[in-house]
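Student: Here you go, sequence then predicted model.
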Amino acid sequence: MFQAWAHLVGEMPPVNNAELVRRAEYPDAHFGCLSEAHACFKGVQRRYDDDDNGTDIYVYIIRTGHTVRWQSDMRTTVGFFPAPEGALLTVQAKPSVALQGCQEGIWGAVVKWEFVNADAERTEYPDGFSARYDTLVWQR
């Protein structure tokens, strides 16, 4: 849950001393969050939960230098760590209503987030992205 809070909300989790420890040990470090995604794909080329072909899944791609996770430390239980080298964070979301014409905004659920290896030639995308995802929706 710590990673979800950090990379989806964009803040250190609200746990005692977490931000103080981060500022003391990594004063200039930054973790990427969902609003900083640099690419978004629609559709995964496999079955996904109850969706036979994975066409309704959106995958946001985030490059981040750091992440958070649980740690056993008397100061705080949230640790700030370097992200896996050569990896990108993917956040997979499934909207539950159409993306256009919504009066109340977009509704859906984040169903998974994980670090994946970056592609060797196109390092801004996950390894094997052309065989993994259907359509590049946007990129920055």
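Tutor: It's in.
Student: Going by C-alpha atoms from here, please, whenever you check contacts or count neighbours.
Tutor: Fine.
Student: Just list whatever residues bridge to Y60.
Tutor: Beta bridges link Y60 to C40, V91 when assigned by DSSP bridges.
Student: mind checking how far it is from D28?
Tutor: 25 Å (CA to CA, to the nearest Å).
Student: Neighbour count for these two, which is higher?
Tutor: Of the pair Y60 and D28, Y60 is the one with more neighbours under other CA atoms under 10 Å, namely 23 against 8.
Student: Show me where the protein has its strands.
Tutor: Here the chain has its strands, by DSSP state E, at 39-44, 58-62, 66-70, 78-82, 87-95, 108-117, 133-139.
Student: Can you say which of these is packed in most?
Tutor: strand 58-62 (a mean of 25; mean count of other CA atoms under 10 Å).
Student: At the geometric centre of this structure, which residue do we find?
Tutor: V91 (3.7 Å; CA atoms, centre = their mean).
Student: Other residues contacting the longest helix seen in the chain?
Tutor: Ranked by residue count and defined by DSSP state H, the top helix of the chain is helix 18-25. Helix 18-25 is contacted from outside by M12, R75, T76, T77, V78, G79, F80, using CA atoms under 8 Å, 6 or more residues apart in numbering.
Student: Spatially, which two of these are the most separated?
Tutor: Largest separation among the contacts of helix 18-25 by CA to CA: M12 and R75, giving 14.6 Å.
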